[in-house]
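Colleague: I need the structure of the sequence given here:
(2 chains)
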2 protein chains.
Amino acid sequence: MMESAIPLHLETTRSRHKRVPSDYVPPYPSFVARYKPAVNRVVMAYFGLQYRGAAPAAVAGALARIAERFAAADGPSYWDRAQYVDQAGFSNVISVGYWSDVASFDAWLGPAREDWTGKDCEGVGTFIEALRPTVGRFETLFSSLGRPEGVAVIGDGMSGEVQEHAYWGGMRDRIPLSQTDEMAPGGRPELVRHGARLIVKAHDNLCLIRSGQDWSDTEASERKLYLEDVEPVLHEGMDFLRDEGVGIGCYANRYMRVLDADGAPTEKSYGQSWWKSLAALERWAESHPTHVRIFGAAMKYLSTLGPAARLRLYHEVTVAAAEEQFFEYLNCHPKTGMLAAVETVGA
Amino acid sequence: MMESAIPLHLETTRSRHKRVPSDYVPPYPSFVARYKPAVNRVVMAYFGLQYRGAAPAAVAGALARIAERFAAADGPSYWDRAQYVDQAGFSNVISVGYWSDVASFDAWLGPAREDWTGKDCEGVGTFIEALRPTVGRFETLFSSLGRPEGVAVIGDGMSGEVQEHAYWGGMRDRIPLSQTDEMAPGGRPELVRHGARLIVKAHDNLCLIRSGQDWSDTEASERKLYLEDVEPVLHEGMDFLRDEGVGIGCYANRYMRVLDADGAPTEKSYGQSWWKSLAALERWAESHPTHVRIFGAAMKYLSTLGPAARLRLYHEVTVAAAEEQFFEYLNCHPKTGMLAAVETVGA
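Modeller: Below you'll find the model as predicted:
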């Protein structure tokens, strides 16, 4: 039985149509995270640090401290950590926490923020990028069951097979707010200085995507296919967004490797990017050769292998209201995250 | 200045949204045919004949006769002719006439029909496939100006650069009726026998596409690119639709070579296909590897070369109401055109 990606309790009288007819059947199965109806808001909070060259002594301490805070009262229900080297040559380590109880997050954030971006970290740049969207403002998608990632981990479980996927526009159609709202962007990102802390006030309907792949279960031929044919194209697309994304509405892109509890790289990666709008993300996804190739390859791959595929793909996409966003940077280079989106960041 | 593909006099209060935001700008120019506001309906009428092996003597006569009728009073404002060998190994020659005056067509059709599908043509199969859509039910698209094709030839000229193209969903967005109507298909094709004549009653919102390419102006490297890299992929996609299309809602597909006045092949071709719905056409176009590759190649090509490209691409897409359709076959094999769409065609 096919389900709608939009849960029953968020269905509303439409003023905007889905892109596919009601009898549309996707060519392969996909699934979405489900939340208890009592959950009306979640939090996705990215705590990043950055440094150039070898890790300063302060890094290990900072990472241990945020992990400790995550584990304490009112901490996230789930968190993970990933790493990458950015376009300025800085190593970035980002610890991402997910909350389904916003009151807990609010209680937790104050001291954590003071600790993270409220004081110098011995030459290490730090930042917080957080969204607290209502459940009508985000969607998830998984190519298989059994291993939720990101915001899906804090859900109540996974759906059955959903209808709204495997076509251009499925992402939008899975977001409950799309039933009634175009989700057009409003305004431009602005910089606000609080001493050394730089706060970016973005704008209505800013869009965040975390899009991941997990090749840990793949064997011989499938692994080779992923690593030799798929990953290089993905990498190229990620580099384009990182280096030239601003021109098409991608404020920032990070292509990261997930780390294990000991800080060693796992066989999971994800791209995380900030967009001016869902529409800008759609246009890139549908027209950029690298992404079109990846989408085409995935379509073919999943249509053929179906549940036999061991490569796991997922993503989560949020379109946040202005008041649901928080961006704060301390001692970061000017191309860090949403700082890249504001016109100038003076000395 | 960017125009809407929907002409001003057909703009209406929307109950359905366009797929792109109002500030969308396509990456390369494209154009559509414009008609005088007084034109509220056009006719596209395909007069086909088919035979196996060498052309019987009757073929030349039949082709001359329909050309004569086309040239007579109330004939089409424009017509052209194309040829292909179908999946059953039959040669098909199709002469297509376009009218912007439906009263003329109605006056003209009676005797022409009697002549074409009303009597045996010495072992040559004949058929008529005609649509007479209102102007709200079709759209055109051209990659360059100066050489209209098909239904565009009978227009009043071409538009300036239009907004609704170069994204998935542009085809639908260019059809004026899409402002207020999903254009969902209604019913199944049925066969009605009138003696030896087989009439197919199709269904509401049947879809016709004629999609053409003209490489006559290309030189050395561009010609090589088209013939060696693009055409084989196009051919593969056309073969898929011809041989396996029914499963995805493509009732019939013909990949044809345009003929000149002497019946010799030109450097123009087009694919012409009948679809259960615009949605079915959209799904194929967006997900079938051959078409996705072609679309991607065209996007890249036109974005790079722009007006310098000498390869000319165009299409016309119609979503016809049931009463705007006419399909009639005499002595044709059972996989001919819309005959392939009805369940069984007994002896």
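Colleague: let me see the contact set for the residue of the stretch 101-250 of chain A found nearest chain B.
Modeller: Here the stretch 101-250 of chain A gets closest to chain B at one residue, residue A:168, 4.2 Å apart by Cβ to the nearest Cβ. Bear in mind the C-beta positions are built from the backbone N, C-alpha and C, glycine included. Listed by Cβ atoms under 8 Å, 6 or more residues apart in numbering or on different chains, the contact partners of residue A:168 are A:19, A:282, A:285-286, B:168-169, B:286.
Colleague: that one in helix, strand or coil?
Modeller: Per DSSP: H, G, I helix; E, B strand; the rest coil, the secondary structure class of residue A:168 is coil.
Colleague: which residues of the stretch 101-250 of chain A lie near chain B?
Modeller: By Cβ under 8 Å from any Cβ of the partner chain, the residues of the stretch 101-250 of chain A that approach chain B are A:166-169, A:182, A:184.
Colleague: mind checking which of those are buried?
Modeller: A:166-169, A:182 (16 or more other Cβ atoms under 10 Å in any protein chain shown).
Colleague: closest to residue B:275 out of the residues you listed?
Modeller: Nearest to residue B:275 among these, counting by Cβ to Cβ, is residue A:167 at 16.2 Å.
Colleague: distance of that closest one from residue A:174?
Modeller: Residue A:167 is 11 Å from residue A:174, where distance means Cβ to Cβ, to the nearest Å.
Colleague: in which helix or strand does residue A:103 reside?
Modeller: Using DSSP states H and E, residue A:103 sits in helix A:102-117.
Colleague: buried set for that helix?
Modeller: Residues of helix A:102-117 classed as buried: A:104-105, A:108-109, A:112-113, A:115-117 (neighbour count, 16+ other Cβ under 10 Å).
Colleague: alpha carbons only: can I get that helix in PDB?
Modeller: Extracted in PDB, the C-alpha atoms of helix A:102-117 (Å, rounded to 0.1, in the frame of the first residue of the first chain):
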ATOM      1  CA  VAL A 102      12.200  22.500  21.500                       C
ATOM      2  CA  ALA A 103      11.800  23.400  25.100                       C
ATOM      3  CA  SER A 104      14.700  21.200  26.000                       C
ATOM      4  CA  PHE A 105      16.800  22.800  23.200                       C
ATOM      5  CA  ASP A 106      15.900  26.300  24.400                       C
ATOM      6  CA  ALA A 107      16.900  25.400  28.000                       C
ATOM      7  CA  TRP A 108      20.100  23.700  26.800                       C
ATOM      8  CA  LEU A 109      21.300  26.300  24.200                       C
ATOM      9  CA  GLY A 110      22.100  29.200  26.500                       C
ATOM     10  CA  PRO A 111      25.100  27.900  28.300                       C
ATOM     11  CA  ALA A 112      26.200  25.700  25.300                       C
ATOM     12  CA  ARG A 113      26.200  28.800  23.100                       C
ATOM     13  CA  GLU A 114      28.200  30.800  25.600                       C
ATOM     14  CA  ASP A 115      30.700  28.000  25.700                       C
ATOM     15  CA  TRP A 116      30.900  27.500  21.900                       C
ATOM     16  CA  THR A 117      30.700  30.900  20.300                       C
END
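Colleague: which strands and helices sit next to that helix?
Modeller: strand A:43-52, helix A:57-71, strand A:125-131, strand A:325-330 (3 or more Cβ pairs under 8 Å, 6 or more residues apart in numbering or on different chains; DSSP states H and E).
Colleague: in a markdown table: these, plus mean pLDDT, distance to residue A:291 and mean neighbour count.
Modeller: As requested, the helices and strands packed on helix A:102-117 are exported to a markdown table (pLDDT from 0 to 100; distance: least, Cβ to Cβ, whole Å; neighbours: other Cβ atoms under 10 Å in any protein chain shown):
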| stretch | mean pLDDT | distance to residue A:291 | mean neighbour count |
| --- | --- | --- | --- |
| strand A:43-52 | 98 | 22 | 23 |
| helix A:57-71 | 97 | 32 | 16 |
| strand A:125-131 | 98 | 23 | 23 |
| strand A:325-330 | 98 | 25 | 23 |
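Colleague: which residues touch the closest residue to residue A:26 other than its chain neighbours?
Modeller: Spatial nearest neighbour of residue A:26, chain neighbours left out: residue A:166 (4.1 Å); criterion: Cβ to Cβ, 6 or more residues apart in numbering or on different chains. Residues in contact with residue A:166 (Cβ under 8 Å, 6+ apart) are A:26-28, A:30, A:299, B:287.
Colleague: ranking those by neighbours, who comes first?
Modeller: residue A:30 (23 neighbours; other Cβ atoms under 10 Å in any protein chain shown).
Colleague: what does that residue show for phi and psi?
Modeller: phi -150, psi 160 (degrees, to the nearest 10).
Colleague: now do stretch A:233-240, average pLDDT.
Modeller: What stretch A:233-240 shows for mean pLDDT is 94.
Colleague: equivalent analysis for stretch A:282-299, please.
Modeller: Here the average pLDDT along stretch A:282-299 is 85.
Colleague: is stretch A:268-280 in proximity to chain B?
Modeller: Yes - legend: contact between stretch A:268-280 and chain B by Cβ under 8 Å from any Cβ is shown at A:277, A:279.
Colleague: so how far is that stretch from its chain's centroid?
Modeller: With Cα atoms, centre = their mean, to the nearest Å as the basis, stretch A:268-280 stands 6 Å off its chain's centre.
Colleague: C-alpha coordinates for it, CSV please?
Modeller: The C-alpha coordinates for stretch A:268-280 follow below in CSV (Å, rounded to 0.1, in the frame of the first residue of the first chain):
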residue,chain,number,x,y,z
LYS,A,268,29.2,7.4,5.2
SER,A,269,29.3,10.9,3.8
TYR,A,270,26.8,13.7,3.3
GLY,A,271,26.5,17.0,1.5
GLN,A,272,25.0,19.8,3.6
SER,A,273,24.1,23.1,1.9
TRP,A,274,22.3,26.3,2.5
TRP,A,275,20.1,27.7,-0.3
LYS,A,276,18.3,30.9,-1.0
SER,A,277,15.2,28.9,-1.7
LEU,A,278,13.8,25.5,-2.4
ALA,A,279,13.3,26.7,-6.0
ALA,A,280,17.0,27.4,-6.4
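Colleague: now the helices for the stretch 201-347 of chain A?
Modeller: A:220-224, A:231-244, A:278-287, A:289-305 (DSSP state H, counting those that start in this stretch).
Colleague: most tightly packed of those?
Modeller: Of all the helices of the stretch 201-347 of chain A, helix A:278-287 carries the top mean neighbour count, a mean of 22, counting by mean count of other Cβ atoms under 10 Å in any protein chain shown.
Colleague: got a list of contacts for that helix?
Modeller: Identification of contacts with helix A:278-287 by Cβ under 8 Å, 6+ apart yields A:168-169, A:171-172, A:175, A:183-185, A:205, A:207, A:209, A:241, A:245, A:248-250, A:273, A:275, A:291-292, A:295, A:317, A:319, B:20-21, B:24, B:27, B:166-168, B:299.
Colleague: mind running it again at 6 Å?
Modeller: For helix A:278-287, contacts defined as Cβ atoms under 6 Å, 6 or more residues apart in numbering or on different chains pick out A:168, A:183, A:207, A:248-249, A:275, A:291, A:319, B:21, B:168, B:299.
Colleague: now do stretch A:315-332
Modeller: Outside stretch A:315-332, the residues that touch it by Cβ under 6 Å, 6+ apart are A:50, A:117, A:125-133, A:137-141, A:150-151, A:171, A:183, A:196-200, A:202-211, A:278, A:336, A:338-339.
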